[in-house]
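Trainee: got a predicted structure plus its sequence, pasted below:
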Amino acid sequence: MRNKIIAVNAVIVLIVGLLAFAIVRTQLAAETSSADQLKRSAQRDVAGAAAQLQLDGLRAERWLATKANEPATRAALGRATPDARADAARQLADQLASAANGAIGVKPSIVAVVDNAAKIVGRNGSDLNRGDDVGAAYPAFKEAIAKAHAGSDVWTDRTRADQYLASYAPVRDEAGRAVGMLVIGVALNDSLARVNDLTTGRGVLLVTATGDVVAASANAGEEVKSSVKTHAADVKSAMATGNVVASGAGDIVFAAAPLGGFGDGQRTAVVAAAPSSLMPGVSAVPLSILGATALGLLLVVAGGFFLGNYISQPIAALEEGLLMILNGQTDKRFELDHAELGGLAFRIDQLLNQLMGVEEDNTDDEGRVSKAPTAANFGEALSVDRSGGGGGGAPAGVDPNRLAAEPADAYYARLYGEYISAKKALGEQVDHITDAAFRSRIQGMEQDATAKHGRPVRYHVQSNGREVVLLAVPLG
């Protein structure tokens, strides 16, 4: 029985657990790994990343514009000799580099002062690059100098080892004429890492129209870069139309957005990779259901073991006892203390008593009769001294005339009360002696004594300290 209980419940738990696992896994896969939903997620991510990069560039431009209007900046470009201008420009660049982190939230890799010919007058931390023609490498910057307007751009040049997110603002003299530019450049990897932390958290790349990856955050894997290169046409479409375009295939999904406001806005795009799942770690949820199922199976085994023992052990005891009775042990009876099978064992005992003609024991644990005796078997409950009947006369202190004049109901009630009180005084059990049985027995005794002695009698209760006796008192 134990094994059947365990097997049935284990199958039920296993079916429910596996069904729940399959349903939850299917639903989660549909909700978190849908290609359309992943593309929409990537589109939202890339739009946020592009906006953050534009915001960082705009913040740097405004800060530089403020610094460009300060007298110290004008003075640096107004020195009389080239060497003096170079020294003042380097000193100014060092000051701007120190203040930039607190002002724009990121530490620049380069801060430079550039003259109207787009050549570097001085930069922070070094005299290198002095006199370099920045305008020749970046036409958009040369145009900004010519028009004296601020801007931001992505500067990448392998020959110059440039890889910056650059922002710049014009410097004007007191007459309002443009005399140069302040330039601040933040390493692309640093910029992308910061944007990635603030937005997607799943990998951001800067890509050219040809699909070449200019820079990428640390968590953008090689498979993403390869997929971007393969789908370069979609990246180019995003830059040409100015719209966010989702692309990718298989497990790699990404979205591209043009980096507007940087240069001409059609040379660089931001790419954000979609996650493998919209809910990271969700794959562990179905596994938790399998774990709960395994726990359920263990509990079924434990519960089935205890429940099986609770039922099978008393049944085995009944079976063994019946076998002993069949083998001749007719006095075998069952004393089974069990909530469910105890009543069955008691009925079996009753049946055996009836079949074998054995009188049932009606006494309790203290040997008291569990039901009131009748007049037929009440004789042993009374100790009657018949020597006082007949011609012996009345006991001392008993008036026969008064006894004869007492009404019958009052007489029997008094006699019963005195008899019970005397018995209790000796410490005897009287719970089994009822008033009706006592009265019936006394009346029978009176009839026998009257027939024997030829005159009516009534009884008197007397105790000698060892037993209680009923003395017959002749009347009239």
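Mentor: Thanks, I have it.
Trainee: run a quick neighbour tally on Asn129.
Mentor: Close neighbours of Asn129, defined as other Cβ atoms under 10 Å, add up to 15. C-beta here means a position set from N, CA and C on the backbone, and glycine is covered the same way.
Trainee: over to Gly260?
Mentor: 17.
Trainee: tell me where the stretch 201-350 of the chain has helices.
Mentor: Ranges of helices in the stretch 201-350 of the chain, per DSSP state H, counting those that start in this stretch, are 222-230, 232-241, 284-326, 342-356.
Trainee: among those, which is the most enclosed?
Mentor: helix 232-241 (a mean of 18; mean count of other Cβ atoms under 10 Å).
Trainee: could I get the helices of the stretch 201-350 of the chain as a markdown table with mean pLDDT?
Mentor: Compiled in a markdown table, those are given as follows (pLDDT from 0 to 100):
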| stretch | mean pLDDT |
| --- | --- |
| helix 222-230 | 83 |
| helix 232-241 | 85 |
| helix 284-326 | 85 |
| helix 342-356 | 84 |
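Trainee: Arg2 is nearest to which of those helices?
Mentor: If you check each of the helices of the stretch 201-350 of the chain against Arg2 by Cβ to Cβ, helix 284-326 wins as the nearest, at 2.6 Å.
Trainee: could you check the angle helix 342-356 makes with that closest one?
Mentor: If you take axes from the mean of the first three to the mean of the last three Cα atoms, to 10 degrees, helix 284-326 sits at 20 degrees to helix 342-356.
Trainee: so for Val179, which of the helices of the stretch 201-350 of the chain sits nearest?
Mentor: Nearest to Val179, of the helices of the stretch 201-350 of the chain and by Cβ to Cβ, is helix 232-241 at 34.3 Å.
Trainee: packing partners for that closest one?
Mentor: The contact analysis (3 or more Cβ pairs under 8 Å, 6 or more residues apart in numbering; DSSP states H and E) places helix 232-241 against strand 245-249, strand 252-258, strand 268-273.
Trainee: what does the helix or strand hosting Ala84 rub up against?
Mentor: Element membership for Ala84, per DSSP states H and E: helix 82-104. With contact meaning Cβ atoms under 8 Å, 6 or more residues apart in numbering, helix 82-104 is reached by 56, 59-60, 63, 67, 72-73, 75-79, 106-108, 111-113, 121-125, 127, 130, 182, 184.
Trainee: follow-up on the earlier one: quick one: the helices of the stretch 201-350 of the chain as TSV, columns for distance to Val468 too.
Mentor: Shown next, in TSV, are the helices of the stretch 201-350 of the chain (distance: least, Cβ to Cβ, whole Å):
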stretch	distance to Val468
helix 222-230	109
helix 232-241	118
helix 284-326	44
helix 342-356	35
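Trainee: circling back to that earlier point, now the helix holding Ala84: buried residues?
Mentor: 85-90, 92-97, 100, 103-104 (16 or more other Cβ atoms under 10 Å).
Trainee: mean confidence score for that helix?
Mentor: For helix 82-104, mean pLDDT is 90.
Trainee: coming back round to it: just the ones of the contacts of helix 82-104 in helices?
Mentor: When DSSP state H is applied, the contacts of helix 82-104 are split such that 56, 59-60, 63, 67, 72-73, 75-77 fall in helices.
Trainee: list buried residues within these.
Mentor: By neighbour count, with 16+ other Cβ under 10 Å, the ones in helices among the contacts of helix 82-104 hold 56, 59-60, 63, 67, 73, 76-77 as buried.
Trainee: a markdown table for those, including pLDDT and distance to Leu426?
Mentor: As requested, these are arranged in a markdown table below (pLDDT from 0 to 100; distance: Cβ to Cβ, whole Å):
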| residue | pLDDT | distance to Leu426 |
| --- | --- | --- |
| Asp56 | 88 | 111 |
| Arg59 | 91 | 112 |
| Ala60 | 91 | 116 |
| Trp63 | 93 | 116 |
| Lys67 | 91 | 121 |
| Thr73 | 89 | 127 |
| Ala76 | 85 | 130 |
| Leu77 | 84 | 133 |
